[in-house]
Structures are given as structure tokens and as C-alpha cells.
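Participant: Pasting the sequence and the predicted model now:
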Amino acid sequence: MKITERGVWLLWATLAVVSLLYYLTSLGRRRRCSGSGRPLPPGPRPLPIIGNALDLRGANLQHALARLARAHGDVMRLQLGPSGAAVVVVSSPAAAREAFARHDRRHAARVVPDAVRALGWADRSMIWLPSSDPRWKALRGVVAAHVVSPRSLASARGARERAVRGLVAHLRGRAGREVEVGRALYAAMLNLVSSSFFSVDLVDMDSGAEAAGVDFKGKDYEFIPFGSGRRQCPGLPLAELVVPHVLAALLHAFEWRLPDGVPAEQLDVSERFTTANVMAVPLKAVPIVITKSQV
Ligand code: HEM
């Protein structure tokens, strides 16, 4: 059979109309109802295949989300990716409280990217397993009992102190010269966290430094850097010890100057979102030795 030019044109036109109708009806369905038949929150209109990807353009994810929340409300729906996953973004302490305190169990799953699934992490890693999975519960239990319990943290104290001394020694070796602070800290933190997992040191228990007046442990929804609820960061007790320890050591051992006499007010402190929020321009500073004492 010979297909005429007119026939091809008709075929394309039919396909285009069918796709458009499908898109419009699925859009209407999606906007109105979740899988359970309940209404979904308002949000920017998604495009076919790419969903709301264009609404999130720009270097700074949380700025884009804040801008969208101003237009659509502090509980808003976004469509991410072709899989059709609807993501609900909460943008106020009251909405976060409602989500974490009242509906935590239902929100404690993660959208697993195909790349993570292909690498086999989806069914082995605490980060990706659903919180209903017994393996997730077992892994959280192991970390709670053997890594961040008061006893385990106490026994790893020596290893932590060695890692911090290593960092200070490294910076002493570079005193008077410009260092990329984040890079130096990253290496030390990797040492420190891995030694916390594998340390067999047994020494006295150290006292966690309390940040006066600020609750960062998931109860004050104004400030939840470690998340909240059942999926909250399991490393919190370790971070709570390590962050003040490292900061104190760096301030005790060195005076810090900005390179080339850059005044502090001119320092670029803008941020960039990767898997976490980092400084868009990595901080460079010059450590000047002010004490020889051990930390
Ligand atoms: C200042 C340091 C840290 C911050 C600000 C931080 C923050 C976070 C946040 C916001 C989450 C996501 C919580 C959620 O999904 O609701 C998280 C999850 C997680 N964090 Fe941390 N974290 C820190 C240190 C650590 C350390 C030291 C470890 C390991 C020893 C760790 C291991 C994890 C793991 C395994 C998860 C995934 C837990 C799960 O999905 O069940 N974190 N962290």
C-alpha cells in the first residue's frame, strides 16, 4: 500500500491530538487527586515529561522553592521527572510540624533515582531503603547501638582527637599560606567518621557541647538542619560532638585571615545546592599559628 502525503499528515495530526488530550486529562486528574483520591495541594503547572524541572532552574534550589512557595503556598505540589512522582514541599514551621509530628510515617519514604537502583544501593543502604523495610530498621538499630550510643561515642573519643590533631598539624604545615578550608575539613571529617565506625579505643566519656538556646534536634520546626521524625539524621549525636570540637580546635590553634587583604564584608558567602548546600565560591583563608599547645 502506498501512503500518500495527505495520509502521513493525517496520521501526525491524529497522534498530536491524542497526545494533547491525554496530557490535558492526566493533568486534570493529577491536579485534583492523589492516588488515594484525596485532593493534592496547589503547585506550578507541570509540563509533559519534564514536569516542573524548568520551575527549579537556577543555581539555588532553596531560593527557587521559596519563590514558588510565595506564589503557591507553604504546602505545594511539584511534579518531578517522567515517572510522575508528585513531591509535596512544605515551607513553613507550621507545615513542617504538621508533616513531621502528625504524618511522619507516611512521609518517611524516599523517591529512589534509577541510577541508585541500578547500583544496587536501593535495597542495601539506610539512606534509600523505605522506612517500613525491616533492613532499614535493623541498620538504624546497629548505628544507634554501636556507633552513636553514648558508650560507642565515648570509646571512639581517642580516634576523634587523633583526627582533629591530624587536621591541626596539616594546617600548621601550611601556616601563612592560603588554604581551601572546606577541602582540608572534608578529608579530616572522612577520617573522623570512619574512625568512629571502626574505633576500638576505650577512654572516658566526653560531654557533648550544647549550643545554648537553639534546638537543632528536630523539635523546633523553625530550625531542622538534621531533619526530624523517624528519618532524622542518625549521625546527629556524632555531629553534635564533632562540629564544636573541630571549630574550637581551629580557633584555638590559629588566627584566620582572608587572603590578599580581602575585607570580611566583601567575602562572597553565596550558596550553591549540590547534594547539600555548599558555598558557591569555596572559602579560602590563611591560618596563622597562635598557640603551640596540643588540642
Ligand atoms: C553537621 C552534620 C550533619 C548534618 C547537618 C546532617 C543532616 C542530615 C539530614 C538533613 C538528613 C535527612 C533527614 C531526612 O531525610 O529527614 C540526614 C540523613 C542521614 N544522615 Fe546526616 N547529617 C550530618 C552528619 C551525619 C553523620 C556524621 C553521619 C554518619 C555518621 C550521617 C548519616 C546520615 C544517614 C545515614 C542519613 C540517612 C538516614 C535515613 O534515611 O534513614 N549524617 N542527615
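Facilitator: Cool, the structure landed. Only a predicted model underlies this, so the values are computations on that prediction, with no experimental measurement involved. Numbers count the residues shown, from 1 in each chain.
Participant: low-confidence ranges in the stretch 51-200 of the chain?
Facilitator: 82-84, 199-200 (pLDDT under 70).
Participant: all helices of it, in order?
Facilitator: With DSSP state H, counting those that start in this stretch as the definition, the stretch 51-200 of the chain shows helices at residue ranges 61-72, 93-97, 103-107, 114-118, 134-146, 150-155, 157-172, 181-198.
Participant: which one of these has the most crowded surroundings?
Facilitator: Counting by mean count of other C-beta atoms under 10 Å, helix 157-172 has the highest mean neighbour count of the helices of the stretch 51-200 of the chain, with a mean of 18. Backbone N, C-alpha and C define where each C-beta goes, glycine included.
Participant: Centre of the chain to that one, how far?
Facilitator: With C-alpha atoms, centre = their mean, to the nearest Å as the basis, helix 157-172 stands 26 Å off its chain's centre.
Participant: one step back: let's have the helices of the stretch 51-200 of the chain in CSV, adding distance to Pro282.
Facilitator: Below are these laid out as CSV (distance: least, C-beta to C-beta, whole Å):
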stretch, distance to Pro282
helix 61-72, 19
helix 93-97, 30
helix 103-107, 34
helix 114-118, 26
helix 134-146, 30
helix 150-155, 30
helix 157-172, 16
helix 181-198, 5
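Participant: Minimum distance to the ligand: which of those helices has it?
Facilitator: The ligand lies closest to helix 181-198 among the helices of the stretch 51-200 of the chain, at 5.1 Å (C-beta to the nearest ligand atom).
Participant: Enumerate the residues of the stretch 101-250 of the chain near the ligand.
Facilitator: 126-127, 193, 225-227, 231-235, 238-239, 243 (C-beta under 6 Å from any ligand atom).
Participant: okay, the nearest residue to Asn277 once chain neighbours are set aside: pLDDT?
Facilitator: Spatially, and ignoring its direct neighbours in sequence, Asn277 is nearest to Glu271 (5.1 Å; C-beta to C-beta, 6 or more residues apart in numbering). Note on Glu271: pLDDT of 91.
Participant: Could you give the number of residues near Glu271?
Facilitator: Glu271 has 15 neighbours, counted by other C-beta atoms under 10 Å.
Participant: so what's it up against?
Facilitator: Going by C-beta atoms under 8 Å, 6 or more residues apart in numbering, Glu271 touches Asn60, Asn277, Val278, Met279, Ala280.
Participant: hmm, which of those are the buried ones?
Facilitator: Buried members of those, scored by 16 or more other C-beta atoms under 10 Å, are Asn60.
Participant: Now compare the contacts of Glu271 and name the two farthest from each other.
Facilitator: Spatially, the most separated pair among those is Asn60 and Met279, at 12.0 Å (C-beta to C-beta).
Participant: Give me the common contacts of those two.
Facilitator: Glu271, Arg272.
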